[in-house]
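Enquirer: Take a look and give me a structure for this.
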Amino acid sequence: QVQLVESGGGLVQAGGSLRLSCAASGSIRVINDMAWYRQAPGKERELVAGVTGAGNTNYADSVKGRFTISRDNAKNTVYLQMKSLKPEDTAVYYCNADIGTGYGLGARVRDYWGQGTQVTVSS
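Expert: Predicted coordinates for the structure are as follows:
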């Protein structure tokens, strides 16, 4: 069984910073793409940032220059460093990873999601 566990959310004033972490655990053979999504009340879930297994990154236009995604493959962990936070960044942030498990005929690849962590930015 594979689990993604997020941490680092909280309440911060506008202009402040937070660092989110997401650790994957379980019977993992390989982790491919990892990403952070967010969902604000009344809005659809949106991609915030992604990082491939090779380390290539992409960002939503709304967070470019303020957020940085990174990963530590030895720890099966992805991070999201958020700076210059704005009230419109308030949302539940979800970790997502494309993870391979098993070997041979039992090999599988699927998407996994974390439980979400609340980020609230006050004005």
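
Enquirer: Show the model's pLDDT score for the most centrally placed residue in the chain.
Expert: The residue lying closest to the centre of the chain (C-alpha atoms, centre = their mean) is Trp36, at 2.8 Å. We have a pLDDT of 98 for Trp36.

Enquirer: tell me the contacts of it?
Expert: Counting by C-beta atoms under 8 Å, 6 or more residues apart in numbering, Trp36 touches 20, 22, 47-50, 69, 78, 80, 93-96. Glycine gets a C-beta too; all of them are placed from N, C-alpha and C.

Enquirer: What strands flank the strand or helix carrying Gln3, and is each parallel or antiparallel?
Expert: When elements are assigned from DSSP states H and E, Gln3 belongs to strand 2-7. When sheet partners are counted by DSSP bridges, strand 2-7 sits next to strand 18-26 (antiparallel).

Enquirer: immediately after the strand it pairs with, which helix or strand?
Expert: Downstream of strand 18-26, the next assigned helix or strand under DSSP H and E is strand 30-39.

Enquirer: Dump the helix or strand following that following strand to CSV, restricted to CA.
Expert: Beyond strand 30-39 on the C-terminal side, the first helix or strand identified by DSSP H and E is strand 46-51. As requested, the backbone C-alpha atoms of strand 46-51 are provided in CSV (Å, rounded to 0.1, in the frame of the first residue of the first chain):
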residue,chain,number,x,y,z
GLU,A,46,-5.9,23.3,-10.2
LEU,A,47,-2.2,22.4,-10.9
VAL,A,48,0.2,24.6,-9.0
ALA,A,49,3.5,23.0,-9.9
GLY,A,50,5.0,19.8,-11.1
VAL,A,51,8.4,18.1,-11.3
